[in-house]
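> sequence first, predicted model second:
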Amino acid sequence: MMECDERSARERAYSEKLARMIRVRTVQEPGNARSFEDFHDLLEELFPAVFERCELKMFGSDGGSLLFCWRFACADEEKQPALLLMSHQDVVDAEGPWTHEPFGGEIAEGRVWGRGALDIKGNLLCILQALEELIEAGFSPTFDIYVASSDCEEIGGNDLVPSYLNEQQADIDLLVDEGPCVVRGEGGSLIAQVAVAEKGQAIFKCSAFGPGGHAMNVGKNTPLVRLGAFMAEVDAANLFEGDARPDLLDASGTTVAFTMAGASSVPNVVPREAWAVCDVRLAPGRTAESAREALETIAKRHDVEVTLDKSTPPSPVSDTSGHAYAQVERAISSVYPGAEPRAVLLSGGTDTKHFTEVAPCCIRFTPMLFSAEQTATIHGIDENIDCAALPFGVDFFKTLIEERMSR
C-alpha cells in the first residue's frame with residue numbers, strides 16, 4: 001500500500017493533469033478540429049515518454065483518432081499476444097446550470113470537475129500515465145501494447161483503427177475499453193463490474209395513419225389515439241421474456257424505450273400520421289428482426305406500422321473462463337483487495353463494437369470507484385471524479401501489464 005504522502009502527491013499530480021485535459025473542449029462538431037489538435041499537443045506535453053517511446057499513427061481526415069504502439073523489445077523472450085487499451089478523447093457538450101464550469105477543469109472538494117472527468121478522459125489519463133511510469137522505470141514488455149483513442153466515439157465512432165489492425169494481422173488477445181466501474185455494494189463491499197458484452201440497438205419508427213381533418217369533426221380511433229394505445233401496451237408488456245442471462249449481472253434482457261414522437265403541428269388538426277421512435281436495446285442472441293416481430297404482434301392490434309430505421313447487433317460475449325479474462329481479475333484483486341469481480345452486460349455502446357474481430361476477449365471496464373451520484377452525472381450536469389480514485393486507475397493498468405509478463 002502507498003504511504004499517505006506518496007498517495008497525496010500522486011492524487012495532486014494526476015488531478016492537475018486531468019484538469020488540464022478537461023479544459024480542452026473536445027466536442028466533435030463542425031469547425032472544432034483545432035481543439036483536438038490542441039488536445040494532442042497537450043497529451044504530448046503531459047506524457048512525453050509515451051510520445052518518445054511509442055509509435056504513433058493518426059487516423060481520420062483530421063488525424064484525430066490516435067493509435068500508439070509500444071513495441072515488444074525483449075530479443076531473448078518469446079513474444080506474447082498484444083494488449084489493446086482504449087479510451088476516447090471526445091466528449092458530449094455541456095448544457096445547464098453547472099456548479100463548476102464544465103470546461104474549467106476545477107479541482108475542489110477533493111474532486112476534479114468538468115465534462116469528461118468520468119466519460120472518459122479520467123480513464124485516458126490513467127492509461128497514458130501507467131505507460132509513462134512503466135517507460136520511465138525501464139520496463140520492457142514481452143508483447144506489443146496498443147493504445148487506441150478515438151475522436152468520435154460519442155457520435156458512433158468508426159472502423160479505421162480496427163481495419164488497420166486487421167490489415168496488419170495484429171495478434172491481440174485482450175482488449176480493455178471504458179465500461180462499468182467499481183461500486184460499493186451492501187455493507188460497503190466493493191464490486192468490480194466487468195462488462196463482457198454490450199447490447200445491440202435497433203431503432204424503429206412506429207406510425208399510425210388516418211384521414212386526418214379538423215378537430216371539430218371529432219372522430220374515434222384516430223392515428224394519435226391508436227399510437228398511444230400501442231405504446232401503452234408495449235410499455236406494459238414483457239416482450240422479451242427469457243432474454244436475461246443468469247451469468248450476467250443486472251439489466252441483461254432486451255429493453256424497449258419510446259424516445260421521440262410527432263403528429264399534428266397545430267392544435268385544431270387531427271393528424272393524418274402519428275409516429276413515435278422506439279429504441280430497442282438488444283441482448284445477446286436477439287436480432288433486430290426478432291425485435292420487429294415482437295413489436296408487430298402488438299402493432300397489428302392497433303393498426304400501427306413498424307419499420308426498422310437502423311440497427312447494430314449485440315456484441316459477442318467474451319469468455320470469462322479464459323486466461324485473458326483471468327488477467328483482468330488478477331489486476332482487480334491486486335489493486336482492490338477483497339473486491340468481487342462480476343461479469344455484466346453493458347446496456348450502452350462503446351467503441352469496442354468496432355473491434356470485436358480484433359481481439360477474442362473484449363472487456364469494458366473503468367477501473368475506478370464511482371458513487372451512484374457521480375455515475376448519474378455522465379452526460380449530465382456537474383460531472384466529477386474523486387481525486388483519490390485516479391491512482392487506483394493508474395495502478396490497475398500498470399498491474400495488468402505487469403501481470404501479463406508472468407502468465
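Thanks, I have it. What you see is a predicted model; the values in this text were computed from it and never measured.
> what about residue 399, neighbour count?
Applying other Cβ atoms under 10 Å, we find 19 residues neighbouring residue 399. In short, each C-beta sits where N, CA and C put it, glycine included.
> which residue is the nearest non-sequential neighbour of it?
Nearest residue to residue 399, sequence neighbours excluded (Cβ to Cβ, 6 or more residues apart in numbering): residue 331, at 4.4 Å.
> between its first and last residues, how far does stretch 80-97 reach?
In stretch 80-97, first residue to last residue: 50 Å (Cα to Cα, to the nearest Å).
> swap that for stretch 38-58, please
14 Å.
> check stretch 140-154 too.
End residues of stretch 140-154 are separated by 34 Å (Cα to Cα).
> do the same with stretch 236-254
14 Å.
> which helix or strand contains residue 175?
Assigned by DSSP states H and E, residue 175 belongs to strand 172-177.
> list the helices and strands that strand packs on?
Here strand 172-177 touches strand 80-86, helix 323-335, strand 361-364, going by 3 or more Cβ pairs under 8 Å, 6 or more residues apart in numbering; DSSP states H and E.
> tell me the most buried of the ones you listed?
strand 361-364 (a mean of 25; mean count of other Cβ atoms under 10 Å).
> of all the helices and strands packed on strand 172-177, which lies closest to residue 164?
The minimum distance between residue 164 and the helices and strands packed on strand 172-177 falls on strand 80-86, with 12.0 Å, by Cβ to Cβ.
> and for that closest one, what's in contact with it?
72, 127, 142-150, 165, 170-178, 351-352, 355, 358-359, 397, 400-401, 404, 407 (Cβ atoms under 8 Å, 6 or more residues apart in numbering).
> show me which of those are buried.
Taking 16 or more other Cβ atoms under 10 Å as the criterion, what is buried in the contacts of strand 80-86 is 72, 127, 143-150, 165, 170, 172-178, 351-352, 355, 358-359, 397, 400-401, 404.
> inside helices: which ones of these?
127, 165, 397, 400-401, 404 (DSSP state H).
> so which residues make contact with the helix or strand that contains residue 392?
In the assignment (DSSP H and E), residue 392 maps to helix 390-405. The contact list for helix 390-405 (Cβ under 8 Å, 6+ apart) reads 2, 7, 10-11, 14-15, 18, 80, 83, 85, 122-123, 125-127, 129-131, 133-134, 139, 141-143, 145, 176, 182, 327-328, 330-332, 334-336, 366-369.
> what's around residue 108, how many residues?
12.
> what's near enough to touch the closest residue to residue 284 other than its chain neighbours?
Nearest non-adjacent residue to residue 284, counting by Cβ to Cβ, 6+ apart: residue 314, 4.5 Å away. Neighbouring residues of residue 314 by Cβ under 8 Å, 6+ apart: 197-200, 282-286.
> residue 277 versus residue 259, what's the distance?
5 Å (Cβ to Cβ, to the nearest Å).
> what about the closest residue in space to residue 190 that isn't next to it in sequence, how many residues nearby?
The shortest distance from residue 190 to any non-neighbouring residue, by Cβ to Cβ, 6+ apart, is to residue 339 (3.9 Å). Using other Cβ under 10 Å, the number of residues around residue 339 comes to 18.
> residue 386: which of the helices and strands packed on strand 172-177 is closest?
For the helices and strands packed on strand 172-177, proximity to residue 386 was assessed by Cβ to Cβ; helix 323-335 is nearest, at 15.1 Å.
> looking at residue 259 and residue 277, which is more packed in?
Between residue 259 and residue 277, counting by other Cβ under 10 Å, residue 277 is the more crowded of the two (15 against 9).
> and that one, bridged to which residues?
residue 205, residue 260 (DSSP bridges).
> the one 5 residues further on too?
Here residue 282 shows beta-bridge partners residue 200, assigned using DSSP bridges.
> contacting residues for it?
Residue 282 touches 199-202, 254, 288, 291, 311, 313-314, counting by Cβ under 8 Å, 6+ apart.
> contacts only, for the residue nearest the centre of the chain.
Centroid-nearest residue in the chain: residue 350, 3.8 Å away (criterion: Cα atoms, centre = their mean). Residues in contact with residue 350 (Cβ under 8 Å, 6+ apart) are 153, 177-179, 198, 364.
> one more: residue 388?
Counted by Cβ under 8 Å, 6+ apart, residue 388 has contacts 7, 11, 110.
> just give me the longest helix of the chain.
Longest helix in the chain by number of residues (criterion: DSSP H): helix 4-22.
> got the angle between that helix and helix 390-405?
Interaxial angle, helix 4-22 versus helix 390-405 (axes from the mean of the first three to the mean of the last three Cα atoms, to 10 degrees): 100 degrees.
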